[in-house]
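Undergrad: please find the sequence and the predicted model below.
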Amino acid sequence: MKNRHTILFIAIGMYLLLGMATAIFAQDADTSWTQTFGLAASDEYGDAVLETNDGGFIMAGRIGQVSGQPDSGDVYISYTNADGALLWSKRYGGDARENGALVVQTADNGYLLAATTFSFGAGNSDFWVIKTDANGDSLWSRTYGGADAETLNDVVAIDDGGFLLLGTSRTFGPAFDDAWLVRLDSEGDTLWTKAIGGGARDNLRAVCQTANGGFAMVGRSFSFGDPGQPDVWVVHTDANGDTLWTRNYNGPHYPWSSDDGNDIVHTADGGFAIIGSTNGLPNTTNSDIWLLKTDANGDTSWTATYGESLSEEMSSLVETADGGFLMAGFSSDDGSNQNAWLLRTSAFGDSLWIQKYGGDQFDRASSIAATTDNGFIVSGFTSSFGSGGYDAWLLRITGEPSVGIHNAPATLAEGIELAQNYPNPFNPSTSIQFSLRETAEIELRIYNMLGQQVRLAVSGRRPAGSHRFVWDGRDDGGQSVVSGIYFYRLATSDQVATRRMILLK
């Protein structure tokens, strides 16, 4: 009797835990709202976005670039309330072109806008920063550069109130293109600069501050790693910009792959997550998304690639509350259009869901940032919606996505059907049934509560109709798994369905 009561208690506890899991894990990546910003006569782009201290959003980008006039256009910042309603927008520029706008909020609730300017400075192009008050009115501006071209790639606000600018220089350093760091105090005065590179072209695109007050940066290098093609390149420095270590990472496909790093995150476990791209085939433009997880010394913990038949690229990465990752970018569906992409992974890189946004033209996500309500804000541009041409685009994503509890867009929902497993709870085996409306390449995977893959149940092309898989509670290695909650996920190229089940021993 004691054993029966114990089993009943465990079963009730599991069901209660399942309810908790639903509350924690089953929040979809719902789009709360989207907004476009632009004029019919010109193109506008949303390059960066973040949530402000008062719960609104600040977006930085390029504005007024007229088709056929490559030297036109300024940079801007726009402030919206929590619902995406535009409250004010400010534009900055000169007689030539400014682009690549980035923004951080400062301690006085103002903003620092950073960009590349062709209108001001010492040479061809220079780093340009503008300090504004809380209403976007300029307080001061500075340029940084030499006689040749400098291009800004990223900016980070530092704990002491200063800033680090990161980009590429053709004036400073040993080669034609080298990474260039400029450390500023809170008033924009230069504290130090560093040029980092070798004998070939090297570029660092993104920077984050590390727990020891230093900086970690990612990009690509032709100087270091395999000769002939660029590798993902990570540089870790101390607070003074002196190099602590560097690492090169060659793509997982072939030694001659062309690889690139786009964003880096200092993760909660003290290591780093890097998002980039890898191109394993020579003489082709097709690329896959490449996610790398490292320890604190840059040694690889694991890597994962994601992609479809054509080119995909992710430009921005955030770590989610459960230790997984959410990235934003675009996918080229065919030669005539692109869609904005969000891709969610577990803490071990397992792909949990992909959500596409866009229409029949060109749409991209450029930047993603976490918000205080466990949601996300995404900026980019769209030519499918808005006033015409390219318009800046904001998408508000609510809820913390996780463990694949997310369906494909409703217009595709009838393509697959995933039934609840039976029996549930189960021991020692359970039946998983699914139906396909048409023949498709599918994958049926089973995950544990941490988002780790337990079993690749079905993989390959299956005909239309009903199908069944019996899971015996064993993992891919043939070992019995422990009691607990598991998720099973059915995926085709454009649809995903997920359900949960309980193994009770």
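TA: That came in fine, so what should we check first?
Undergrad: OK, contacts around the residue nearest the centre of the chain?
TA: Among the residues of the chain, the one closest to the centroid is M327, at 2.3 Å (CA atoms, centre = their mean). With contacts defined as CB atoms under 8 Å, 6 or more residues apart in numbering, the neighbours of M327 are 263, 275, 289, 291, 314, 316-318, 342-343, 345, 368. Yep, even glycine has a C-beta here, placed from its N, CA and C like the rest.
Undergrad: who wins for neighbours among these?
TA: I275 (28 neighbours; other CB atoms under 10 Å).
Undergrad: just the pLDDT at the residue nearest to V265 when sequence neighbours are not counted, thanks.
TA: Excluding the flanking residues, the one nearest V265 by CB to CB, 6 or more residues apart in numbering is A273, at 4.6 Å. Note on A273: pLDDT of 96.
Undergrad: residue ranges for the helices of the chain, please.
TA: With DSSP state H as the criterion, the chain has helices at 2-25.
Undergrad: if the residue nearest to V265 is in a bridge, with which residues?
TA: Going by DSSP bridges, A273 is paired in beta bridges with V265, K293.
Undergrad: right, and it touches W290 too?
TA: No. Between A273 and W290 there is no contact under CB atoms under 8 Å: 11.4 Å.
Undergrad: in the stretch 151-300 of the chain, which spans are strands?
TA: For the stretch 151-300 of the chain, applying DSSP state E, counting those that start in this stretch gives strands covering 163-169, 178-184, 190-196, 202-209, 215-221, 231-237, 243-249, 258-266, 272-279, 288-294, 300-306.
Undergrad: now those as a markdown table including distance to D363?
TA: Formatted as a markdown table, the strands of the stretch 151-300 of the chain follow (distance: least, CB to CB, whole Å):
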| stretch | distance to D363 |
| --- | --- |
| strand 163-169 | 27 |
| strand 178-184 | 31 |
| strand 190-196 | 35 |
| strand 202-209 | 22 |
| strand 215-221 | 25 |
| strand 231-237 | 26 |
| strand 243-249 | 30 |
| strand 258-266 | 18 |
| strand 272-279 | 19 |
| strand 288-294 | 17 |
| strand 300-306 | 19 |
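Undergrad: still on that earlier bit, mind listing what the residue nearest to V265 touches?
TA: 264-265, 267, 291-294, 317, 319, 325.
Undergrad: just the buried ones from the residues you listed, in PyMOL syntax?
TA: Those of the contacts of A273 that count as buried under 16 or more other CB atoms under 10 Å are selected in PyMOL with:
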select buried, resi 264+265+267+291+292+293+294+317+319+325
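Undergrad: now the closest residue to M449 other than its chain neighbours: how far from N424?
TA: Sequence neighbours aside, I485 is the residue nearest to M449 in space, at 5.5 Å (criterion: CB to CB, 6+ apart). Distance of I485 to N424, computed by CB to CB, to the nearest Å: 11 Å.
Undergrad: any idea how far the residue nearest to V265 lies from T106?
TA: A273 is 26 Å from T106, by CB to CB.
Undergrad: output the lowest mean pLDDT helix or strand found in the chain.
TA: The helix or strand with the lowest mean pLDDT-type score in the chain, counting by mean pLDDT, DSSP states H and E, is helix 2-25 (a mean of 31).
Undergrad: which regions of the stretch 1-150 of the chain sit below the pLDDT cut-off?
TA: Along the stretch 1-150 of the chain, the model assigns pLDDT under 70 to residues 1-30, 65-72.
Undergrad: what ranges do the strands span in it?
TA: Per DSSP E, counting those that start in this stretch, the stretch 1-150 of the chain carries strands over the ranges 30-37, 43-51, 57-65, 74-80, 86-92, 98-105, 111-117, 126-132, 138-144, 150-157.
Undergrad: now tabulate those in JSON lines and tack on mean neighbour count and distance to Q452.
TA: Listed next are the strands of the stretch 1-150 of the chain as JSON lines, based on neighbours: other CB atoms under 10 Å; distance: least, CB to CB, whole Å:
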{"stretch": "strand 30-37", "mean neighbour count": "17", "distance to Q452": "26"}
{"stretch": "strand 43-51", "mean neighbour count": "24", "distance to Q452": "31"}
{"stretch": "strand 57-65", "mean neighbour count": "24", "distance to Q452": "34"}
{"stretch": "strand 74-80", "mean neighbour count": "24", "distance to Q452": "38"}
{"stretch": "strand 86-92", "mean neighbour count": "15", "distance to Q452": "43"}
{"stretch": "strand 98-105", "mean neighbour count": "22", "distance to Q452": "35"}
{"stretch": "strand 111-117", "mean neighbour count": "26", "distance to Q452": "39"}
{"stretch": "strand 126-132", "mean neighbour count": "24", "distance to Q452": "43"}
{"stretch": "strand 138-144", "mean neighbour count": "16", "distance to Q452": "45"}
{"stretch": "strand 150-157", "mean neighbour count": "22", "distance to Q452": "32"}
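Undergrad: how about TSV for those, with distance to G241 added?
TA: Formatted as TSV, these follow (distance: least, CB to CB, whole Å):
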stretch	distance to G241
strand 30-37	36
strand 43-51	23
strand 57-65	25
strand 74-80	26
strand 86-92	28
strand 98-105	19
strand 111-117	17
strand 126-132	15
strand 138-144	14
strand 150-157	13
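Undergrad: A440: which of the ones you listed is closest?
TA: Proximity to A440, assessed across the strands of the stretch 1-150 of the chain by CB to CB, is greatest for strand 30-37 (25.7 Å).
Undergrad: who does that closest one pair up with?
TA: Here strand 30-37 has these sheet partners by DSSP bridges: strand 391-398 (antiparallel).
Undergrad: quick one: contacts of the partner strand?
TA: So strand 391-398 is in contact with 27, 29-38, 43-46, 49, 57, 59, 61, 63, 78, 80, 84, 340, 342, 357, 363, 365, 373, 375-383, 385-386, going by CB under 8 Å, 6+ apart.
Undergrad: what residues of that strand count as buried?
TA: Per 16+ other CB under 10 Å, strand 391-398 contains these buried residues: 391-398.
Undergrad: then that strand to PDB, C-alphas only?
TA: Written as PDB, here are the backbone C-alpha positions of strand 391-398 (Å, rounded to 0.1, in the frame of the first residue of the first chain):
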ATOM      1  CA  ASP A 391      10.700  51.300 -43.900                       C
ATOM      2  CA  ALA A 392      12.100  50.900 -40.400                       C
ATOM      3  CA  TRP A 393      10.300  48.100 -38.600                       C
ATOM      4  CA  LEU A 394       9.700  47.300 -34.900                       C
ATOM      5  CA  LEU A 395       8.300  44.000 -33.700                       C
ATOM      6  CA  ARG A 396       7.300  43.500 -30.000                       C
ATOM      7  CA  ILE A 397       7.500  39.900 -28.900                       C
ATOM      8  CA  THR A 398       5.800  39.000 -25.600                       C
END
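Undergrad: what angle do that strand and strand 57-65 make?
TA: With axes from the mean of the first three to the mean of the last three CA atoms, to 10 degrees applied, the angle from strand 391-398 to strand 57-65 works out at 160 degrees.
Undergrad: next, the angle strand 74-80 makes with strand 391-398.
TA: Using the same axes, to 10 degrees: strand 391-398 against strand 74-80 is 30 degrees.
Undergrad: who's in contact with D269?
TA: G323.
Undergrad: that one and K293: what is the separation?
TA: 9 Å.
Undergrad: what does P463 give?
TA: According to CB to CB, P463 and K293 sit 37 Å apart.
Undergrad: quick one, what contacts A179?
TA: Taking CB under 8 Å, 6+ apart, we find A179 in contact with 166-169, 173, 195-197, 202-204, 217, 219, 235.
Undergrad: any idea which of the strands of the stretch 1-150 of the chain gets closest to L504?
TA: Closest to L504 of the strands of the stretch 1-150 of the chain, according to CB to CB: strand 30-37, at 31.9 Å.
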